[in-house]
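> Have a look; sequence and predicted model below, questions after that.
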Amino acid sequence: MRIVLFSRVPRWYSFKGDRCVGRLAREGHQIAGVVVEQMPTLSALREWLEKLGPRVLAEKAAWKLLTRLALGQKGPSKSVLDSAPGSNAVRPPVYVVDSHNSPACVEIVRALCPDVIVLRGSGIIKKPILEIPRIGTLNAHYGLLPAYRGRDVTEWAALRGDPIAVSVHFVSEGVDAGAVLASRPIPVQAGDTLGRLREKSAALAVELLAEALAQLATGTAKPVPQDANEGRQYFAMHPRLRKLANERLKRIGR
């Protein structure tokens, strides 16, 4: 299938060797392009540090640097989050827009004629975009649906002692409200932090997206509609609550 990815990253971010791009390409899908909504570098670094924590962020930066050295490339990488073990060197066309909902973005996506749009970090996507792909738009949500909709749901689930999970769903005009194609929990182990769980979620998200796209391609997908009356929508977590969630994780395995 023809896939267009949406992402929200700094303009210098490289998608060469990107985990999601590489996996979907190896599954036989055509990556028609990546549409990037520009994000200021300082804002991106602040968000990555908040979500992953300094240790996980440093590990990813070190892995990227070691990979480049192993390949005989000179100089440090600009991007610390653009690759992962098992990715390949697929380099899709990248289109930069001010907003994923802008008329310019609509024009670009229409010209790319995607079967599916895959969200790899974006804000709310509006109807003019959602109407374009032949099959629909997919999102990998870092939470169990419909129980956990909205933002920071990994953190909220950890705080409440509920399962950490990833769900792949069709994107509708509601918040994380589209039919669910796949959902899988993540075992929480001793030593896990919120950042570590987010990294595990990122890896699982790629696997579930690949599975969902394969099922859509073969006509075997069984989307499960969500009940709007189930679950709730969560919002950005306060740093103090984030600290409490990490403290709760530290008690696992003791």
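Nice, thanks for sending it over. Numbers count the residues shown, from 1 in each chain.

> Which other helices and strands does the helix or strand of the chain with the lowest mean pLDDT contact?
Within the chain, no helix or strand scores below helix 41-70, which has a mean of 79 by mean pLDDT, DSSP states H and E. Judged by 3 or more CB pairs under 8 Å, 6 or more residues apart in numbering; DSSP states H and E, helix 41-70 is in contact with helix 194-218. (C-beta placed from N, C-alpha, C; glycine too.)

> tell me how far the helix it packs on is from the chain's mean position?
Helix 194-218 sits 8 Å away from the centroid of its parent chain (CA atoms, centre = their mean, to the nearest Å).

> what's in contact with the helix or strand just after it?
If you walk from helix 194-218 toward the C-terminus, the next helix or strand you reach (DSSP states H and E) is strand 232-234. Strand 232-234 has contacts (CB atoms under 8 Å, 6 or more residues apart in numbering) with Ala147, Tyr148, Arg149, Gly150, Arg151, Asp152, Val153, Trp156, Val175, Asp176.

> which among those residues end up buried?
Among the contacts of strand 232-234, those classed as buried by 16 or more other CB atoms under 10 Å are Ala147, Tyr148, Arg149, Gly150, Arg151, Asp152, Val153, Trp156, Asp176.

> All the strands of the stretch 1-150 of the chain, residue numbers only.
For the stretch 1-150 of the chain, the strands defined by DSSP state E, counting those that start in this stretch occupy 2-9, 30-38, 94-97, 116-119, 136-141, 148-150.

> nearest to Leu244, of the ones you listed?
Proximity to Leu244 (CB to CB) singles out strand 148-150 among these, at 17.2 Å.

> returning to what we had before: could the strands of the stretch 1-150 of the chain be laid out in JSON lines, adding mean pLDDT and distance to Ile108?
Shown next, in JSON lines, are the strands of the stretch 1-150 of the chain (pLDDT from 0 to 100; distance: least, CB to CB, whole Å):
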{"stretch": "strand 2-9", "mean pLDDT": "97", "distance to Ile108": "9"}
{"stretch": "strand 30-38", "mean pLDDT": "96", "distance to Ile108": "6"}
{"stretch": "strand 94-97", "mean pLDDT": "96", "distance to Ile108": "5"}
{"stretch": "strand 116-119", "mean pLDDT": "98", "distance to Ile108": "11"}
{"stretch": "strand 136-141", "mean pLDDT": "98", "distance to Ile108": "15"}
{"stretch": "strand 148-150", "mean pLDDT": "97", "distance to Ile108": "28"}
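
> Pipe the contacts of strand 232-234 into CSV and attach distance to Ala214 per row.
Listed next are those as CSV, based on distance: CB to CB, whole Å:
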residue, distance to Ala214
Ala147, 26
Tyr148, 25
Arg149, 26
Gly150, 28
Arg151, 29
Asp152, 30
Val153, 26
Trp156, 30
Val175, 27
Asp176, 22
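
> low pLDDT regions in this structure?
For the chain, applying pLDDT under 70 flags the ranges 63-89, 253-254.

> centroid residue for it?
Centroid-nearest residue in the chain: Arg120, 4.1 Å away (criterion: CA atoms, centre = their mean).

> bridging residues for the nearest residue to it once chain neighbours are set aside?
Ranked by CB to CB, 6 or more residues apart in numbering and with sequence neighbours excluded, the top spatial neighbour of Arg120 is Ser7, at 4.6 Å. Per DSSP bridges, residues listed as beta-bridge partners of Ser7: Val36.

> Fine by me, we can end here.
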